[in-house]
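Chemist: The sequence and its predicted three-dimensional model are supplied below.
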Amino acid sequence: MGAIWATRDFCLFLLLLNSRQSAALPEIRDPCAEGSDGCHIDAICQTTQGSYKCTCKAGFKGDGKHCEDIDECDLEYNGGCVQECNNIPGNYRCTCYDGFNLAHDGHNCLDVDECKFNNGGCQHTCVNTMGSYECRCKEGFFLSDNQHTCIHRSVEGLNCMNKEHGCAHICKETPKGGVACECRPGFELARNQRGCILTCNHGNGGCQHTCEDTENGPICKCHVRYTLQPDKRSCVERDEATTESSDHNATSFAEVDKRVKRRLLMETCAVNNGGCDCTCKDTSTGVRCSCPVGFTLQPDGKTCKDIDECELHNGGCDHFCRNTIGSFECNCRKGFKLLTDERSCQDIDECFFERTCDHTCVNSPGGFQCLCNKGYTMYGLAHCGDINECSVNNGGCEQGCENTMGGFECFCRPGYKLHWNKKDCIEAEGLPPAKPPSKPTLNCSKQEGGDRCFLTCQSQVHISSGTEDSYTVTCGMPLPCLADAQKNNSGLYCLGNVPRIKTTATFKSGTAKCNLKRSQEKLRESLNSAHSDSRFLFTENVQFSYVSLRCTSSGQRMRSRHGRKAGEEDGSSITAEFELDVNVEEVTESCDLNCVRRRSEKRLRKTIRTLRKSINREQFHLHFAGADYELSKSLGQPAELPGHCVAGQVLVGRKCVSCSVGMYYDGDQGRCVLCPAGTYQDEEGQMSCEVCPGPEGREVSKVVGARNMSECGGQCSPGQYSHDGLTPCLSCPLGTYQPEVGRTTCFPCGGNLVTKRSGSVTFQECETKVQCSPGHYYNTSTHRCIRCPMGTYQGEFGQNYCVACPGNTTTDFDGSTNIMQCKNRQCGGELGDFTGYIESPNYPGNYPANIECTWTINPPPKRRILIVVPEIYLPIEDECGDYLVMRKSSLSNSVTTYETCQTYERPIAFTSRSKRLWIQFRSNEGNSGKGFQVPYVTYDEDYQELIEDIVRDGRLYASENHQEILKDKKLMKALFDVLAHPQNFFNYTAQESREMFPKSFIRFLRSKVLRFLRP
């Protein structure tokens, strides 16, 4: 550093020397310009004749050589601030308590009318008060413990549901059957044990400026420049010296000059604050006025004006800037959150959260999109249901159609065989029976002292990727199921001549993470040797009809209820679904079908036990597409390639990208490869390509990279047919149509209807007698439009069918026109001992009509229930036809915690008034809404006082930032952790807290937790 300064001084010396030689002028040193003065960093250097002068900057005091900050807040009258004064280097800032806003003068505080925004969150009536507000209920109701919603009064018995309980605020039932009263935060219980006395801790005691607690309640006082109003709460500015005459503009310039000189001689900060709006300082030349941060001094040298920070560079805000008195606020667009620097906006990754989408979630800036796997369609905004292809023109099948999960199959009557196009039927006389597809086979053997299993899939393999560390592999064909809400409460009944066993099991895979990777060469060799070496006897050899394996990585994103990092339990779990056909040939006189089924179930349970051991030892592998794969990889194992992509994906830059349609992932080459001629692939992220349909021995396609069956080439186009579905083709004759490729027949319009031309593609080209509108289908027998029955819909004009609702959904009424009118009627939620949630059916889509749901939360001993309602959408037009109620039991007069029949976008948190909670949601046949998703947590009853102190404090809801916390699922997870176990508050570092929560919320929570935990 010394060398740098030496070089600098030397350069200055040469510069000065050169200037003297060239200009021949005498040396004039300027210490202020050179930086060689001895002024303090908070002083101003002024050059004088042959010297310089140091003067401390405004807001600092000293001789210029040494300057120190003036604490304006320590001066008389609190720096002019009527409530709180915050000193900052060289200046100060006035702030107000919760419930007040800073006035335009930067010093006074004005009451905020909370009732103007969303009625203050009150269900019935909101009444504004000085520094706060209160909710009131209509006659026949009383205010619940959360102080916002209202509950019906009862007249039976002396309990908290009785309107005569006498408690001013909160009523609690005692073990002996009586009642005990409590008060909201900021109030004290009166001597009669019923009333509540206001203190300065609530809304500043109702005082505009200063509040002082006494035995008889708070006493209000005003700042010295203000006087107390007759209401004993408000303050107004005192009358100052007589104002100038209104006609002062007519005064001569000479008189003005005399008055200015006279004021300069007389003006002092002791009189009328020197005329300054804000801070006044006496100087040798008169008074000097200054303004707090966020204000600027006007040309008159007296007045302070608010600075609109948003005018310059949008205040530094990423999205929106809103100017406030003395400051400004940044806000973000929907789908973004404000970071703790209170300037930047960050996209909310909705896909981070569980239950956002059923299948695949794709995040985007400010939003997200849910996608469904092939064979499924979207309903309820986020859910995926199986498409019943058979409901649309019989799935295109010439004879029979069977729906399956994620697909469908055509079948033929006896004497016919399914055509290669899998849709048409041809006579089977003299033809060899079709070879059934190979079934998925599980083989297990004892190797190296443990169980090693591998599942072989040779056909009907499908891979779908979920989140970054999860995927699903299916193999075989599930038992066909059809939706029929009229026949079965579950909405499903399954078909099949052969009885089938279905079971689901979940396996833990140690510390391995989900990662479908090709096995190493040595491993493949050992697996192959198991087939040929007689030493490796198969302990299990089971042929399944259908297997689904879903691998999900745990950890990373979760924190245990005890605050321990989930990284200590990182690993993966595999959820397996097995379908096994019962072997009818095993039926004997001594063992009927039920007996054989029980034997099969017993063998299956043994197989699952063996498989569990294999997976726990990470010795389970999958064989398909001519290669062996590991389902998961231990964290300690080296990666075979840079990056970490699941099967069917390739690394592009730093991102894993699925192989596109028309391609497959070649494990040998480690890249995506075009499907060879004669094959196609219509899905992303697959490991092999499907064979193009066509008769054996005939080369159909020379197309490479075919993306669907129609691109295989050589097939008849829509509107055409031929005897084998291949070229050359004929046009569909008049009165028929064909919407698909490669068909051997055309569909008749029916009802003697004709088409305008040959080669028609859809039924809509048939000349019907009337055109049916959406929600209807054309009946070719009666030639009338019929409303689509319940459980179906039709969104197009002029169709001859209705589409069945996907999965387990149905419609509220007949005549539906949109798939969004298909709704799941199952009551949602997960009820756990420590955390859980309840959810209206079909959430986040609109809930169905005439539904009734009940849930019961029964926490473990010595634990209480905390509920958060982030938002709830119930149509108010129905006059409480749809409602949500929470009470002690199903009895209407039992203690009620919460009930509502309205929409509230403002969040509310509250504790249950009873240890056990019975919850009911009902809807009528009127209007519908989005409904609700309400999380809850149970906490140790030793912390009851602290939890209630937090959730009953109005400051939790006063700030928009605080309200956003109760809606942020990620923050709620952390908040629940602290609320359920307050000692876990200290598990979060100060850095973590700053990154997660606004400063105001940290201050709010810290004060309560520390006050509670300190002895």
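Modeler: Cool, got the structure.
Chemist: Now Arg864: which helix or strand?
Modeler: Per DSSP states H and E: Arg864 is located in strand 863-869.
Chemist: Within the sheet, what are the partner strands of that strand, with directions?
Modeler: Take DSSP bridges as the rule and strand 863-869 pairs in its sheet with strand 908-911 (antiparallel), strand 931-940 (antiparallel).
Chemist: Ile70 is nearest to which of those strands?
Modeler: With CB to CB as the criterion, Ile70 lies closest to strand 908-911 of those, at 43.6 Å. All C-beta atoms are positioned from the backbone trio N, CA, C, and that covers glycine.
Chemist: Could you pull up the mean pLDDT of that closest one?
Modeler: Here strand 908-911 scores 84 as its mean pLDDT.
Chemist: ok, now stretch 464-472?
Modeler: pLDDT averaged over stretch 464-472 gives 65.
Chemist: Isn't Asp978 up against Phe985?
Modeler: One thing to correct before we go on: residue 978 is Val, not Asp. Yes - here Val978 reaches Phe985: they are 4.9 Å apart, a contact under CB atoms under 8 Å.
Chemist: Now do the shared contacts for the two.
Modeler: Shared contacts of Val978 and Phe985, defined by CB atoms under 8 Å, 6 or more residues apart in numbering, comprise Leu1005, Val1009.
Chemist: measure Cys827 to Lys513 for me?
Modeler: 34 Å (CB to CB, to the nearest Å).
Chemist: Same check on Arg322?
Modeler: Remark: distance between Arg322 and Lys513 (CB to CB) = 45 Å.
Chemist: For the spatially most central residue of the chain, which non-adjacent residue is spatially closest?
Modeler: Centroid check for the chain by CA atoms, centre = their mean gives Glu350 as the closest residue, at 4.3 Å. For Glu350, ignoring the flanking residues on the chain, the nearest one in space by CB to CB, 6 or more residues apart in numbering is Phe368 at 4.2 Å.
Chemist: residue contacts, that neighbour?
Modeler: Applying CB under 8 Å, 6+ apart, the residues near Phe368 are Asp349, Glu350, Cys351, Thr356, Cys357, Cys361, Val362.
Chemist: Kindly tell me how buried the fourth one is, as a neighbour count.
Modeler: Read it as Thr356. 17 (other CB atoms under 10 Å).
Chemist: looking at this, the residue nearest to Glu350 is in a helix?
Modeler: No - under DSSP: H, G, I helix; E, B strand; the rest coil, Phe368 falls outside any helix and is assigned strand.
Chemist: Next, Val673: secondary structure please.
Modeler: Val673 is classified as strand under three-state DSSP.
Chemist: And the helices in the stretch 851-1000 of the chain?
Modeler: For the stretch 851-1000 of the chain, applying DSSP state H, counting those that start in this stretch gives helices covering 944-951, 955-958, 960-967, 969-980, 990-996, 999-1013.
Chemist: rank these by pLDDT, which is bottom?
Modeler: Among the helices of the stretch 851-1000 of the chain, helix 955-958 carries the lowest mean pLDDT, a mean of 64.
Chemist: what residues are up against the nearest residue to Ala168 once chain neighbours are set aside?
Modeler: Computed as CB to CB, 6+ apart, the closest residue to Ala168 that is not its neighbour in sequence is Cys196, at 4.4 Å. For Cys196, the contacting residues are Ala168, His169, Cys181, Cys183, Arg184, Phe187, Glu188, Leu189, Ala190, by CB under 8 Å, 6+ apart.
Chemist: The fifth one contacts Arg952, doesn't it?
Modeler: Yes - A contact is recorded between Arg184 and Arg952 when judged using CB under 8 Å, the distance being 5.4 Å.
Chemist: which neighbours do the two share?
Modeler: Counting by CB under 8 Å, 6+ apart, the shared contacts of Arg184 and Arg952 are Gln147, Ile170.
Chemist: where are the low-confidence patches of the stretch 51-200 of the chain?
Modeler: 76, 153-159, 162-164, 177 (pLDDT under 70).
Chemist: actually the stretch 201-350 of the chain, not the one I typed
Modeler: Residues of the stretch 201-350 of the chain that meet the criterion pLDDT under 70 lie in 239-266.
Chemist: let's see 80
Modeler: Low-confidence segments of the stretch 201-350 of the chain (pLDDT under 80): 238-273, 277-279, 282-286, 340-341.
Chemist: Show me the helices in it, by range?
Modeler: According to DSSP H, counting those that start in this stretch, the helices that the stretch 201-350 of the chain contains are 253-266.
Chemist: Tell me how many other residues crowd Lys65.
Modeler: Lys65: 12 surrounding residues under other CB under 10 Å.
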